[in-house]
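1. only the shape, not the letters, is given here:
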């Protein structure tokens, strides 16, 4: 099964955001507000939905090629999303 991912950019940093992957379990009060993200530095982390909405999507694959390769090296099978919808 492929994992949906949106590659975004903030300043010069690329972030992979998994909009369908909740960071906290359903019993946690922030379950619906926080999703999972990944970056070269810091690896997996929490990403608030509002922060994700404010991020700019990458314009082309060259921007996120390295991060995508890193994620695939971890075993991810990715479905790259073209928009935040």
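-> Received, thanks. The structure displayed is predicted, hence computed values, not measured ones. Numbers count the residues shown, from 1 in each chain.
2. how about the strands in the chain?
-> Along the chain, the segments classed as strands by DSSP state E run 3-10, 13-22, 34-39, 43-48, 56-57, 78-80.
3. what bits of this structure have low per-residue confidence?
-> Under the criterion pLDDT under 70, the flagged ranges of the chain are 85.
4. as a quick check, tell me the outermost residue of it.
-> Each residue of the chain has a distance to the centre, and by Cα atoms, centre = their mean the biggest one is for residue 27: 22.2 Å.
5. who's in contact with it?
-> For residue 27, the contact set (Cβ atoms under 8 Å, 6 or more residues apart in numbering) is empty. Placement of C-beta: from N, CA and C, glycine included.
6. sorry, back to before: between the strands of the chain, which gets nearest to residue 67?
-> Comparing the strands of the chain against residue 67 with Cβ to Cβ, the closest turns out to be strand 13-22 (5.1 Å).
7. other SSEs contacting the closest one?
-> Helices and strands touching strand 13-22, by 3 or more Cβ pairs under 8 Å, 6 or more residues apart in numbering; DSSP states H and E, are strand 3-10, strand 34-39, helix 61-73.
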